[in-house]
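# A predicted structure for the sequence below; I have some questions about it.
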Amino acid sequence: MTTLSATALPAGPYAGALGANATHTKEHAMETRKEPAKASAPSDTTQQAAAMRAFFAKVLPPILGLALLIGLWHLATAKGGSIPTPAQTWEAAAKLFADPFYRNGPNDQGIGWNILSSLQRVAIGFGFAALVGIPAGFLLGRFALLSSIVNPIISLLRPVSPLAWLPIGLLVFKRADPAATWTIFICSIWPMIMNTAQGVQRVPQDYLNVARVLNLSEWKIVTKILFPSVLPYMLTGIRLSIGTAWLVIVAAEMLTGGVGIGFWVWDEWNNLKVEHIIIAIFIIGIVGLILEQLLVFLAKQLRTEA
Amino acid sequence: MEKFVSIENVGMTFDTKKGKFVALRDVNLGIRQGEFVSLIGHSGCGKSTLLNLIAGLTLPTTGAMICAGREIPGPGPERAVVFQNHSLLPWLTCFENVYLAVERVFSETETRVQLKARTQSVLELVGLAHAMHKYPGEISGGMKQRVGIARALAMEPKVLLMDEPFGALDALTRARLQDELMAICEKTQATTVMVTHDVDEAVLLSDRIVMMTNGPAATIGEVLEVKLPRPRDRLSLTQNADYMAYRSAVIEFLYTKQSHPLAA
Ligand SMILES: Nc1ncnc2c1ncn2[C@@H]1O[C@H](COP(=O)(O)OP(=O)(O)OP(=O)(O)O)[C@@H](O)[C@H]1O
Ligand SMILES: [Mg+2]
C-alpha cells in the first residue's frame, strides 16, 4: 500500500496509515487486469455436443408444454361434443390460411385482412397515445406542481375499462372505426404517461447535478440527460401499452363490427364455426407474443451501460 | 485580504427518515482569489457537503455562502465541480461529455472547430487522447475520473471545486496530474477547493489546509497555512524541513486529535 500512496516522497511514520485508508481501485490494476484465461479449449466434438444439449434444453420444454396442451385438448374433445378436436381445427386452419387475402364484400374478407386491420387500429391508436403520452409524462415527471394537479385525474380514470369509453368515441366520431381506435388510444396512454413520468423522476441525481453545474438549457437537459435515461422506462411503458392495446382491440371490435380479428371471432360465433374461434384464439396469442418480443428486442438494442 | 469566497456561520442539517441530522455547524472560512485550499478530514465528516454548498448544489440551513460579493444563488458554470463519483453521462463518449461543458461555456464566442479543439486539448492534457471516443462504461475508474477533471478544467471556471479528484488514480498518474494541476492553477489563477484524504497531496498543492473535526455536527478544527514557495517541486521538497513539519501537523491533527471515529 505504501508504494501506491500519493507521491514519491519518502514515507514518514504515518504514510502507510493513509494509504491503507484509501479504498480506491488503483487504475493500473484495472487497466491491465485481463479476463482469467478460459479453461483449456474443449475438443470440437464435445463442444458441439454441449451446444446441442444447450439447444435442446432450451427448445424441448416449450415443445413438451405445447404437446401436452394439444394432448389434453384431444382427450377432452375426442368423444365428440361442441368443441372441435385439434385435428379438425388444423384442417380448418389449413383451409383458412390457403387464401388469407380474399375479399367478398365488406363483411366477408380473408383472415389476413382481419389481422392487418386490427393491427392498423392498434398502431394508429397507440401512435397517438405515444405522441400525447410521452411528452405528457415528461412534463408530469419534471414539474411536481403539474403532477399533483393531474395525478388525481389519472388515478380516477386509469382503472376505468377502456370499453367504457367506446360510446363516447362513437358519439364524437360518429363512426365505428375511429371509435375502436379511440379506445386503443385511451388504454395505451396510461402506461405511457405513468412510466415516462416515473422514469423522469428517477433520473439519477448525479446527472441532474451535472446539468445544474453546467446550467444547461431545458432543451439540452431533455435531449442529453432526461431522454437517454428515461428511455428504458419509456420502452416499458410502450410494451405494457401494446400488450393492453392488443387485449382491448378484440373486445372493441366485437362491439363495433367491421373488419378485424375481434369482429371475425364474433362473426364466426354467429356462424357457429367453433374451430375458427379456436384458431382466432391462437392467432391473437401469437400476434401478441410477436409484438411483445419485438419490443423486448428493441429495448435490448437501446440499452446503454453506465 | 480580499475574500473571494466567504463562508459565514454556515450550518447544514439534513432531514432524514430518522429525523434531523446535523452534518455541519458554525463553519467560517474565507478564501482569497487564486488561493488553493484543501479540505481534509475523516470519511463522513462533511467534506463533500461543504463542497456542495460552495458549488450551490445545496443551500445551507443557516448562515450565508458568498462568492464574488454576492450570495451563492445556486450552481453555475463559473464554479465547476469534479464530482467524487465522476458523474459522467454513460450515453455520451468521453469527448461528448467534455464537449457538452465546453459548448455551454464558450459557444457564444467560439466556432465549432475551436470548441472541438478545446475539448481535444483538455483531454490530451489529462492523457486521454487515445480513449476520447470511448464510452464511460468502456474505461477504467481512474480514466473516468480524469474525464471528470478534464470536463471541469475545460470550463475555465473562476472557482474549481474538486471532490477527491485523484482518489482513483495510481501513484504515477496521480503525481503527473498533481503537477499539471499546480501549473494550471498558477496560469489561470483559479480559486480552488479540493477535498482529499491524502496528507502529502494536501501539503504539496495547498496554500491552506482546512482540517475538519469528525461528524456529526462537524466544523473546522484547524487551518494550516502552507508557506512553501511556488513553484513547488516535489523532489526538492523531500529534503525540506518545513514540508515535513507541515506534514506532521496534519497527521497529528487527524490521528491524535481526531482519531478515527468508530464506525457507527
Ligand atoms: N443528502 C443527505 N441526506 C442525509 N444525510 C446526508 C446527506 N448527505 C450527506 N449526509 C450525511 O452527512 C455526513 C457528511 O457526508 P459527506 O458526504 O459530506 O462526507 P465526506 O466527508 O465527504 O465523506 P467521504 O470522505 O467518505 O466522502 C455523513 O454522515 C452523511 O451521512
Ligand atoms: Mg465525500
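Yes, it's here. These figures come from a predicted structure and were not determined experimentally. Residues are numbered from 1 along each chain as shown, chains lettered A, B, ... in the order given. Ligands and ions are numbered 1, 2, ... in the order given.

# tell me the centre residue of chain A?
Centroid-nearest residue in chain A, with Cα atoms, centre = their mean: A:Arg239, separated by 2.3 Å.

# again with chain B
The centre of chain B sits closest to B:Met162, judged by Cα atoms, centre = their mean, with a distance of 1.9 Å.

# doesn't B:Val195 make contact with that residue?
Yes: counting by Cβ atoms under 8 Å, B:Met162 touches B:Val195, with 6.8 Å between them. For the C-beta atoms, the positions are set from N, CA and C on the backbone; glycine is no exception.

# check which helices and strands the helix or strand B:Leu177 falls within sits against.
Assigned by DSSP states H and E, B:Leu177 belongs to helix B:171-188. If contacts are counted by 3 or more Cβ pairs under 8 Å, 6 or more residues apart in numbering or on different chains; DSSP states H and E, helix B:171-188 sits against helix B:141-154, helix B:199-205, helix B:234-237.

# check whether the longest one contacts ligand 1.
No: using Cβ under 6 Å from any ligand atom, helix B:141-154 never reaches ligand 1; the gap is at least 14.0 Å.

# residues of chain B that sit close to ligand 1?
B:14, B:16, B:21, B:23, B:41, B:43-49, B:84, B:215.

# filter those down to just the buried residues.
Among these, those classed as buried by 16 or more other Cβ atoms under 10 Å in any protein chain shown are B:23, B:41, B:44-49, B:84, B:215.

# check those residues one by one and keep those near ligand 2.
Intersecting these with the contacts of ligand 2 gives B:48, B:84 (criterion: Cβ under 5 Å from the ion).

# show me the buried ones among the residues of chain B next to ligand 1 that map onto strands.
In strands, defined here by DSSP state E, the members of these are B:Ala23.

# can I see the domain layout of the chain?
Defaulting to chain A. Annotated domains of chain A cover A:2-79, A:111-302 [automatic domain parsing].

# please go with chain B instead
Per automatic domain parsing, the structural domains of chain B span B:3-78+B:158-263, B:85-156.

# need the pLDDT of the residue in the stretch 101-250 of chain A that ligand 2 sits nearest to.
The stretch 101-250 of chain A approaches ligand 2 most closely through A:Asp206 (13.0 Å), counting by Cβ to the ion. As predicted, A:Asp206 sits at a pLDDT of 92.

# and it, helix, strand or coil?
When classified by DSSP: H, G, I helix; E, B strand; the rest coil, A:Asp206 comes out as helix.

# list the contacts of it.
B:83, B:85, B:87 (Cβ atoms under 8 Å, 6 or more residues apart in numbering or on different chains).

# between the domains of chain A, which has the poorest mean confidence score?
Set side by side, these give their lowest mean pLDDT on domain A:2-79, at a mean of 63.

# ok, which residues in the stretch 151-264 of chain B are in contact with chain A?
B:155, B:166-171, B:173-175, B:178, B:197-201, B:204, B:234-235, B:237-238, B:244, B:247-248, B:251, B:255 (Cβ under 8 Å from any Cβ of the partner chain).

# helices or strands up against the helix or strand hosting A:Ala93?
Assigned by DSSP H and E, A:Ala93 falls within helix A:86-98. Under the contact criterion of 3+ Cβ pairs under 8 Å, 6+ apart, helix A:86-98 touches helix A:44-77, helix A:274-302.

# with adjacent residues omitted, what lies nearest to the residue nearest to the centre of chain A?
A:Leu295 (4.5 Å; Cβ to Cβ, 6 or more residues apart in numbering or on different chains).

# now list the buried members of the residues of the stretch 151-264 of chain B next to chain A.
Looks like those have B:155, B:166-171, B:173-175, B:178, B:197-201, B:204, B:234, B:237, B:244, B:247, B:251 buried, using 16+ other Cβ under 10 Å.

# neighbours of residue 124, how many?
Went with chain A since none was named. A:Ile124: 17 surrounding residues under other Cβ atoms under 10 Å in any protein chain shown.

# my question was about chain B
For B:Glu124, the neighbour count with other Cβ under 10 Å is 13.

# re the thing from before, got CSV for the helices and strands packed on helix B:171-188, with mean pLDDT too?
CSV is the format used below for those (pLDDT from 0 to 100):
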stretch, mean pLDDT
helix B:141-154, 91
helix B:199-205, 94
helix B:234-237, 90
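
# give me the lowest-pLDDT entry from the contacts of A:Asp206.
For the contacts of A:Asp206, the model is least confident at B:Asn85; its pLDDT is 88.

# for it, give me its contacts.
Residues near B:Asn85 by Cβ under 8 Å, 6+ apart: A:Asp206.

# what's the answer for the one 10 residues further on, then?
Residues touching B:Phe95, when contacts are defined by Cβ under 8 Å, 6+ apart, comprise B:119-120, B:123, B:132-133.

# surely the residue nearest to the centre of chain B is in a strand?
Yes: counting by three-state DSSP, B:Met162 is found in a strand.

# beta partners of it?
B:Val82, B:Met194 (DSSP bridges).

# contacting residues for it?
By Cβ under 8 Å, 6+ apart, the residues touching B:Met162 are B:81-82, B:149, B:152, B:192-195.

# and stretch B:13-29, average pLDDT?
Mean predicted lDDT for stretch B:13-29 stands at 93.

# likewise for stretch B:161-174?
Mean pLDDT, stretch B:161-174: 89.

# hmm, that stretch touching ligand 2?
No: Stretch B:161-174 lies out of reach of ligand 2 by Cβ under 5 Å from the ion, never closer than 5.7 Å.

# report the angle between the helix or strand where B:Phe95 lies and helix B:141-154.
If you go by DSSP H and E, B:Phe95 is part of helix B:94-106. Taking axes from the mean of the first three to the mean of the last three Cα atoms, to 10 degrees, one finds helix B:94-106 and helix B:141-154 inclined to each other by 20 degrees.

# I'd like the next helix or strand past helix B:94-106.
Downstream of helix B:94-106, the next assigned helix or strand under DSSP H and E is helix B:112-125.

# residues making contact with that next one?
Taking Cβ under 8 Å, 6+ apart as the rule, helix B:112-125 contacts B:94-95, B:98-99, B:102-103, B:106-107, B:110, B:129, B:132, B:147, B:150, B:153-154, B:180.

# and these, which two are furthest apart?
B:Ser107 and B:Glu180 (25.6 Å; Cβ to Cβ).

# and those two? Which one has more around it.
Neighbours of B:Ser107 and B:Glu180, each counted by other Cβ under 10 Å, are more numerous for B:Glu180; the result is 15 against 12.

# against B:Ile40, how distant is the more buried one?
Distance, B:Glu180 to B:Ile40, by Cβ to Cβ, to the nearest Å: 21 Å.

# next one: B:Pro229
According to Cβ to Cβ, B:Pro229 and B:Ile40 sit 22 Å apart.

# the two: which is more packed in?
Using other Cβ under 10 Å as the criterion, B:Pro229 and B:Ile40 rank with B:Ile40 on top: 25 against 8.

# for chain A, state which of the contacts of B:Phe95 is nearest.
B:Thr119 (13.8 Å; Cβ to the nearest Cβ).

# just give me the neighbour total for that closest one.
Neighbours of B:Thr119 (other Cβ under 10 Å): 25.

# ditto for B:Thr13
16.

# list the contacts for it?
Counting by Cβ under 8 Å, 6+ apart, B:Thr13 has contacts B:20-23, B:61.

# for residue 211, list the residues it contacts.
If you meant another chain, say so; for now it's chain A. Counted by Cβ under 8 Å, 6+ apart, A:Ala211 has contacts A:220-221, A:224-225.

# switch to chain B, that's the one I care about
With Cβ under 8 Å, 6+ apart, B:Met211 has these contacts: B:40-41, B:220-224, B:250, B:253-254, B:258.
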